[in-house]
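Participant: Fold the following and give me the result.
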Amino acid sequence: MDKAETASKRIYYSPLCQNHQVSQGHPECPERLQAIVDFLEQEERLSNWQWIEPSVVSQQWFEYAHPAQYVKKMFACLPAKGEPLIYLDGDTCWSAESGIAVNLAGGALKQAIDWVIKNSSPQIPHTAFCLNRPPGHHAELTTPMGFCVFSLLANAAIYAHKEHSLERVAILDFDVHHGNGTENVLANYPTLFFASSYQEGIFPAHTKAQKTTHRIYLPMPALTNSQTFRKLWEEEIFSQLQDYQPQLLLVSAGFDAHINDPLANCCLTEEDYFWLGKKIKNLSVQNKAPIIANLEGGYHLNSLAQSTGAFLQGVD
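Facilitator: Here you go, the predicted structure:
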């Protein structure tokens, strides 16, 4: 029996996701993925993770989250090969290669969901990490924004809910920016759980998030440290999840609350991302719920790579 048949942990990654081009100096650059790949491939403690190259999904897959007209519009405005990239908003780029990259991102999430649901057992809930770009948690129903074009994890949650009949799917978002797109898309799915911690006052500052039984929003002041961050997650999110008893845990894994990140002002370290991974793993075991994480933010390359590795060690 080979590793592919026995592995309970997978990293979904295609080098083609690095072909999604952005303008010079843009923080959401292809080098982000390369930094993570280089670090993980040298990390012996993660050698039991199986690397999988995903296949593309059709553009219709994104219609779980978005109206068909919006999906068609986004793909129709892709520039032709050799043409310059375009901006869908002030900071969201779309290049000739972006269509393939986003279809691979969707493919990674679809394959991960199908795999964990088919192969997990109560004794061993499986875990997957989707090393994708562009990210997704800022894209609203009909609006690209914040480097994001499609709401990837919201789309994945609805797919799991509709196609795999999962009633209790939870999305946990620890990116330093609020997952406004996930919030917006899930508005019509009140039974799906969404929790987001974020630095208050930074992009997207327009959020009007209201806490409910299945919606938890934790605005954090600038300079939030490890102690405050962990206390908030422990008391406000993990305690609620115990009652929710999730069947599937989806994670918007953004590492830009790190103290070195240039786009925010929080003070987390790699140890905090290990702690988060460990807590989510414990929740997974207690509820027999598989984990699928998708890369979101993180723009200091070295800290991004090390934080990703720490998180994966936590859920290992």
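Participant: what residues are up against residue 265?
Facilitator: Residues near residue 265 by CB atoms under 8 Å, 6 or more residues apart in numbering: 199, 202, 222, 223. The way it works is simple: take the backbone N, C-alpha and C, and place the C-beta from them, glycine included.
Participant: sorry, that was for residue 99
Facilitator: Neighbours of residue 99 in contact, by CB under 8 Å, 6+ apart: 59, 75, 78.
Participant: same deal with residue 312?
Facilitator: For residue 312, the contacting residues are 11, 40, 46, 49, 129, 277, by CB under 8 Å, 6+ apart.
Participant: Now name the helix or strand holding it.
Facilitator: Here residue 312, judged by DSSP states H and E, is contained in helix 301-315.
Participant: for that helix, what is the average pLDDT?
Facilitator: Helix 301-315 shows a mean pLDDT of 98.
Participant: Buried residues, that helix. List them.
Facilitator: Going by neighbour count (16 or more other CB atoms under 10 Å), the buried part of helix 301-315 is 301, 303-315.
Participant: what does stretch 189-204 give?
Facilitator: So for stretch 189-204, counting by 16+ other CB under 10 Å, buried means 189, 192, 193, 194, 195, 196, 197, 198, 199, 203, 204.
Participant: who's in contact with the last one?
Facilitator: Put plainly, it is residue 204. Counted by CB under 8 Å, 6+ apart, residue 204 has contacts 138, 145, 146, 177, 178, 180.
Participant: which SS class is it?
Facilitator: coil (DSSP: H, G, I helix; E, B strand; the rest coil).
Participant: what's the pLDDT at it?
Facilitator: On pLDDT, residue 204 comes in at 94.
Participant: Please report how far it lies from residue 63.
Facilitator: As judged by CB to CB, to the nearest Å, residue 204 and residue 63 stand 24 Å apart.
Participant: Please apply the same query to the fifth one.
Facilitator: Note on residue 195: its distance to residue 63, by CB to CB, is 25 Å.
Participant: Residue 274: which element?
Facilitator: Going by DSSP H and E, residue 274 is in helix 270-287.
Participant: relative orientation of that helix and helix 301-315 in degrees?
Facilitator: Using axes from the mean of the first three to the mean of the last three CA atoms, to 10 degrees, the inter-axis angle of helix 270-287 relative to helix 301-315 is 30 degrees.
Participant: tell me the angle of whatever helix or strand comes next after helix 270-287 relative to helix 301-315?
Facilitator: Counting by DSSP H and E, the next helix or strand C-terminal to helix 270-287 is strand 291-295. Angle, strand 291-295 to helix 301-315, by the same axes, to 10 degrees: 180 degrees.
Participant: in the stretch 151-300 of the chain, which spans are helices?
Facilitator: Per DSSP state H, counting those that start in this stretch, the stretch 151-300 of the chain carries helices over the ranges 152-163, 180-185, 226-232, 239-244, 270-287.
Participant: Highest mean neighbour count out of the ones you listed?
Facilitator: Stretch with highest mean neighbour count among the helices of the stretch 151-300 of the chain: helix 180-185 (a mean of 26; mean count of other CB atoms under 10 Å).
Participant: Quick check: mean pLDDT of that one?
Facilitator: Here the average pLDDT along helix 180-185 is 96.
Participant: then that helix to PDB, C-alphas only?
Facilitator: The C-alpha coordinates for helix 180-185 follow below in PDB (Å, rounded to 0.1, in the frame of the first residue of the first chain):
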ATOM      1  CA  ASN A 180     -16.400  40.400   4.400                       C
ATOM      2  CA  GLY A 181     -16.900  38.400   1.300                       C
ATOM      3  CA  THR A 182     -17.500  35.200   3.200                       C
ATOM      4  CA  GLU A 183     -20.000  37.100   5.400                       C
ATOM      5  CA  ASN A 184     -21.800  38.500   2.400                       C
ATOM      6  CA  VAL A 185     -22.100  35.200   0.500                       C
END
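Participant: which residues touch residue 289?
Facilitator: 125, 170, 246, 247, 248, 249, 283.
Participant: In JSON lines, list those residues along with pLDDT and distance to residue 23.
Facilitator: Shown next, in JSON lines, are the contacts of residue 289 (pLDDT from 0 to 100; distance: CB to CB, whole Å):
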{"residue": "125", "pLDDT": "95", "distance to residue 23": "41"}
{"residue": "170", "pLDDT": "98", "distance to residue 23": "35"}
{"residue": "246", "pLDDT": "98", "distance to residue 23": "39"}
{"residue": "247", "pLDDT": "98", "distance to residue 23": "41"}
{"residue": "248", "pLDDT": "98", "distance to residue 23": "36"}
{"residue": "249", "pLDDT": "98", "distance to residue 23": "35"}
{"residue": "283", "pLDDT": "97", "distance to residue 23": "39"}
